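> when you get a sec, could you give me coordinates for this:
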Amino acid sequence: MGPSTNPASTSPPCELPQQKKDPFAGETFVRIRKLVRNLPTKTVIRRVHESERLAAAGERELGFYLREVQRRKLYREVSCTSFDHFVRLRTGISEKKARELVGIARALEKLPVIDNAFSDGLLYWTAVRAMVTVAIPQDEQEWVDFARMNTVRAVERRVASSKAGDGPREKPFGGSPTFYPHEFNASPELHQLIDCVFPPGSPQGDRGTGGDSGRPASRDGSGAQGR
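As a prediction, this is how the structure comes out:
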């Protein structure tokens, strides 16, 4: 008897249902380099720098693609109801870390000079993370130049004393101070001391009169932001 022409007879007796293809499935396993003890000093130091760079580049790349997932709502395609749900279910990092990396990625979209300098290996990732909190397109080149001439700690200190748009140039008298309002009950002795230091009628002495004393103020008291 010749081969049957009945299509059903050529089918396997039992077929498993096709699973929906995961658009995020792929080759995700990355093997680390072989770890070797007792290498020469120069080689160990070089490996430290190389490993730091790999870790930094990994955070930048991770933030970039997490930003894609968030911006395009790609989490919906893998049965996640929100970006945070995606982070919890599909990654090994915390939601706080994911939001931090996405925030940096979002900031770097508007700061191509800083982003390119990091990509070219000219900046430490720690410095980039600090600078994006205050840098704007008009002064990002100044921040890159400052970071390349100073330590990461110096960059962090300058960022801590700056506001968005200030730029990294040193401010006279340490920059514009920020005043914070306080309300408390003072003893007669403390009240007398405060009146001696901040007499009534002075800007500092007229607390609690409805003024915007909590707003960052410039050296001349105008409350201007930046230079």
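
> now do the longest helix along the chain: which elements does it pack against?
Taking DSSP state H as the criterion, the chain has its longest helix at helix 41-71. With contacts defined as 3 or more Cβ pairs under 8 Å, 6 or more residues apart in numbering; DSSP states H and E, the secondary structure elements packing on helix 41-71 are helix 83-90, helix 95-108, helix 112-119, helix 125-131. Backbone N, C-alpha and C define where each C-beta goes, glycine included.

> how does it look with 7 Å?
Helix 41-71 is packed against helix 83-90, helix 95-108, helix 125-131, with contacts defined by 3 or more Cβ pairs under 7 Å, 6 or more residues apart in numbering; DSSP states H and E.

> ok, which of those comes nearest Arg71?
Within the helices and strands packed on helix 41-71, the stretch nearest Arg71 is helix 95-108; the backing value is 8.7 Å (Cβ to Cβ).

> quick one: that closest one to helix 41-71, angle?
For helix 95-108 against helix 41-71, the angle by axes from the mean of the first three to the mean of the last three Cα atoms, to 10 degrees is 90 degrees.

> in helix 95-108, what's buried?
The neighbour-count check on helix 95-108 (16 or more other Cβ atoms under 10 Å) flags 97-99, 101-102, 104-105, 107-108 as buried.

> the domain parsing of this structure - what is it?
Residue ranges for each domain of the chain read 33-109, 111-170, 179-212, as given by automatic domain parsing.

> for the ones you listed, which one ends up most surrounded?
Mean neighbours per residue, mean count of other Cβ atoms under 10 Å, is largest over the domains of the chain for domain 111-170, with a mean of 18.

> and the end-to-end length of that domain?
Using Cα to Cα, to the nearest Å, the end-to-end distance of domain 111-170 comes to 21 Å.

> now stretch 103-117
Using Cα to Cα, the span of stretch 103-117 from its first residue to its last is 18 Å.

> and for stretch 78-88?
Distance across stretch 78-88, first residue to last, is 13 Å (Cα to Cα).

> related to what we said a few turns ago, any idea which of the buried residues of helix 95-108 is closest to Tyr124?
Using Cβ to Cβ, Ile104 is the member of those that sits closest to Tyr124, with 13.5 Å.

> OK, contacts around the closest one?
Contact partners of Ile104, counting by Cβ atoms under 7 Å, 6 or more residues apart in numbering, are 63, 129, 132.

> distance to Lys163 and pLDDT added to these, as CSV?
As requested, the contacts of Ile104 are exported to CSV (distance: Cβ to Cβ, whole Å; pLDDT from 0 to 100):
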residue, distance to Lys163, pLDDT
Gly63, 24, 98
Arg129, 17, 98
Val132, 14, 98
